[in-house]
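In: sequence and predicted structure, then a few things I'm wondering about:
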Amino acid sequence: MKPAPFDYFGAGGLEDAMAALSGGAAKPMAGNQSLGPMLNLRLARPAALVDVSLLPELRGVEEGPDWVRLGAAVTHAEIEDGEVPDPTPGWLQAVAANIAYRAVRNRGTLGGSLAHADPAADWCVVMTGLGAMALLDGPEGPRRVAVERFLTGPFATDLRGGEILTAVEVPLPGEGARWGYWKFMRQVGEFAKASAAVLVDPGTGRVRCVLGALGRQPLLLGDPQAIVDGRVEPAEAVRAALPERAAADLALHVTALARALAEACGGAA
Ligand SMILES: Cc1cc2nc3c(=O)[nH]c(=O)nc-3n(C[C@H](O)[C@H](O)[C@H](O)COP(=O)(O)OP(=O)(O)OC[C@H]3O[C@@H](n4cnc5c(N)ncnc54)[C@H](O)[C@@H]3O)c2cc1C
């Protein structure tokens, strides 16, 4: 199908883009890898698209004492290729390299992925697992929201009218931090059927276990230290977090968590 007619606005700067979005009839467009299909299927019919993919304010990278801010319009391929600093010791590069196909990665952006909030998207799970912050700007001024609160449901976020996701602030892992990420997909280029991320960071005291591809926003599991220590088995933790779901529906998620744990902490899964 073809999209319904729309106007295209190639914004020169963030202020320009925010002004163009202020009426509510326009939508931001980044890599167009998720929005494009929605336009073609006429699931989205904005009167105008505001292209944010080349905005200098969204293309930059800033390094702080204990974080790196990746501009929202940084592409998956740029992360994969190490063209922007990876705040982790290679964890982000490995994730980026396994998103879809290279053609999608060349255009698709970190910010577009989070703003689209597909329940199975890699960055949604990974940025939740890393305790990253979403940096937003809009009519009410700039604000920062933890990614786990930014993602409010399947394809739903805390983005308010006219707001733009400008950057993602990733905390630097401390000394000796360990990480595991596992996703099941039927074939390369497909979205995950189940995924999990595990962060164990003794330097900063952060321990996080996250499940993804659940048809809802990523789920942070309670008492992750007990899961990492082996006092609570992955199956027990997953079932306790999702008691309403049948055990058979959770089997892949249990295995994804066990494998992410094994990657982070060693041992077989
Ligand atoms: C064949 C195929 C396979 C894929 N497989 C995977 C996969 O395995 N894993 C995975 O994670 N993803 C996958 N994707 C999705 C891909 O990663 C997309 O790049 C991503 O979801 C959307 O990013 P984008 O930059 O293209 O955003 P767009 O498509 O341009 O926009 C998506 C949404 O976000 C909004 N938006 C974009 N940027 C901003 C911003 N800065 N501020 C506010 N709102 C914004 C848009 O208005 C729109 O609603 C796949 C896509 C395709 C086409």
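Out: That came in fine, so what should we check first?

In: mean confidence score for the longest helix along the chain?
Out: Using DSSP state H, we find that the single longest helix of the chain is helix 247-265. Here helix 247-265 scores 96 as its mean pLDDT.

In: need the helices for the stretch 51-200 of the chain, in chain order.
Out: For the stretch 51-200 of the chain, helices defined by DSSP state H, counting those that start in this stretch occupy the ranges 56-59, 76-80, 91-97, 102-107, 110-116, 122-129, 147-150.

In: buried sites along the third one?
Out: Okay, so that is helix 91-97. In terms of neighbour count (16 or more other CB atoms under 10 Å), helix 91-97 has its buried residues at 91-92, 95-96. For the C-beta atoms, the positions are set from N, CA and C on the backbone; glycine is no exception.

In: tell me the one of these nearest residue 185?
Out: residue 95 (13.0 Å; CB to CB).

In: any idea what residue 211 is bridged to?
Out: residue 196, residue 219 (DSSP bridges).

In: from residue 192, how far out is it?
Out: Going from residue 211 to residue 192 by CB to CB, to the nearest Å gives 11 Å.

In: point out where the stretch 51-200 of the chain drops to low pLDDT.
Out: Scanning the stretch 51-200 of the chain for pLDDT under 70 picks out no residues.

In: what about the strands in it?
Out: 61-63, 67-71, 133-137, 143-146, 151-153, 156-157, 164-171, 178-184, 194-201 (DSSP state E, counting those that start in this stretch).

In: what sits against the closest residue to the ligand within the stretch 151-269 of the chain?
Out: The stretch 151-269 of the chain approaches the ligand most closely through residue 165 (3.6 Å), counting by CB to the nearest ligand atom. Listed by CB atoms under 8 Å, 6 or more residues apart in numbering, the contact set of residue 165 reads 72, 111, 114-115, 134-136, 159.

In: rebuild those residues as a markdown table, extending it with neighbour count.
Out: Shown next, in a markdown table, are the contacts of residue 165 (neighbours: other CB atoms under 10 Å):
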| residue | neighbour count |
| --- | --- |
| 72 | 28 |
| 111 | 27 |
| 114 | 24 |
| 115 | 25 |
| 134 | 26 |
| 135 | 21 |
| 136 | 23 |
| 159 | 19 |
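
In: within reach of the ligand, which of these are there?
Out: With CB under 6 Å from any ligand atom as the criterion, the contacts of residue 165 include 72, 111, 115, 159 near the ligand.

In: also near the ligand: which of the buried residues of helix 91-97, exactly?
Out: Within these, nothing lies near the ligand by CB under 6 Å from any ligand atom.

In: out of these, give me the two with the largest separation.
Out: 91 and 96 (9.8 Å).

In: tally up the residues packed near the residue nearest to residue 224 when sequence neighbours are not counted, please.
Out: Spatial nearest neighbour of residue 224, excluding adjacent residues (CB to CB, 6 or more residues apart in numbering): residue 209 at 4.1 Å. Using other CB atoms under 10 Å, residue 209 has 30 neighbouring residues.

In: buried ones in the helix or strand harbouring residue 209?
Out: Take DSSP states H and E as the rule and residue 209 turns out to sit in strand 206-212. Residues of strand 206-212 classed as buried: 206-212 (neighbour count, 16+ other CB under 10 Å).

In: repeat for stretch 99-111
Out: By 16+ other CB under 10 Å, the buried positions in stretch 99-111 come out as 99-100, 104-105, 107-111.

In: on that earlier part again, could you check the angle the longest helix of the chain makes with strand 206-212?
Out: Computed by axes from the mean of the first three to the mean of the last three CA atoms, to 10 degrees, the angle separating helix 247-265 from strand 206-212 equals 140 degrees.

In: thanks again, I'm all set now.
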